[in-house]
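1. okay, sequence plus prediction incoming.
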Amino acid sequence: AYHDMATHNVSDGSGGLDASIVYELDRPQNVGVGMKQSLLDFAPFSTPYVSLADTIAMGVVLGVASCDGPTIPFRPGRINAKKAGPATVPEPHQDLQTHIASFKRQGFDQEEMITLVACGHTLGGVRHDDFPTIVEESVDVADFDATVAGFDTAIVTQYLDGCSVDPLVVTPNITMRSDLRIFSSDGNVTMQ
């Protein structure tokens, strides 16, 4: 859902969670099978009365709830985009200032950026096939934390305890340590 909503521009009100992701799958920021598979999973729930954008939003609500995460209110009525939005999803190789600018464009300050990345990375991981410069060949998916299926604070506590498994913190490829740059960008104040 974040990859879809990252097209939002707080200044002019454009973009957002609008299903424009269907037109953006060929971009490096949306590499891999994960986005495509999610859209295939959501397709049967979209109808002339329920937009794909609403289905993606409901997927967030139900996904977070199924992982014992916080209750997220759902408001229907989103309209599907008819074309791709701007290429605005931050990528691991980009520098911190680029990330801060991207999140600011979306309406998030630095503290909110850190929180959003940590919460968003409490689930899932990074696939070797999609990011071979981050995940070693012997690993299919490198998980963001040790409690992959749980919406919890493990990504934060493991990071603060120095035992993070987050590939975007510990990859030997320093250029790709985007979570490390983001998490530590305020001297770890937000992470603590």
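-> Perfect, thanks for sending it.

2. so residue 142: helix, strand or coil?
-> What DSSP: H, G, I helix; E, B strand; the rest coil gives for residue 142 is strand.

3. helices of the chain, start to end?
-> With DSSP state H as the criterion, the chain has helices at 2-5, 33-42, 52-66, 96-105, 110-120, 154-160, 167-170, 178-183.

4. can you list those in JSON lines and add mean neighbour count?
-> C-beta coordinates here come from the backbone N, C-alpha and C atoms, glycine included. Conversion of these to JSON lines gives the following (neighbours: other C-beta atoms under 10 Å):
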{"stretch": "helix 2-5", "mean neighbour count": "21"}
{"stretch": "helix 33-42", "mean neighbour count": "14"}
{"stretch": "helix 52-66", "mean neighbour count": "18"}
{"stretch": "helix 96-105", "mean neighbour count": "16"}
{"stretch": "helix 110-120", "mean neighbour count": "17"}
{"stretch": "helix 154-160", "mean neighbour count": "20"}
{"stretch": "helix 167-170", "mean neighbour count": "21"}
{"stretch": "helix 178-183", "mean neighbour count": "22"}
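
5. to residue 190, which of those lies closest?
-> Nearest of those to residue 190, taken as C-beta to C-beta: helix 110-120 at 4.3 Å.

6. what helices and strands are in contact with the closest one?
-> Counting contacts by 3 or more C-beta pairs under 8 Å, 6 or more residues apart in numbering; DSSP states H and E, helix 110-120 is packed against helix 96-105, helix 178-183.
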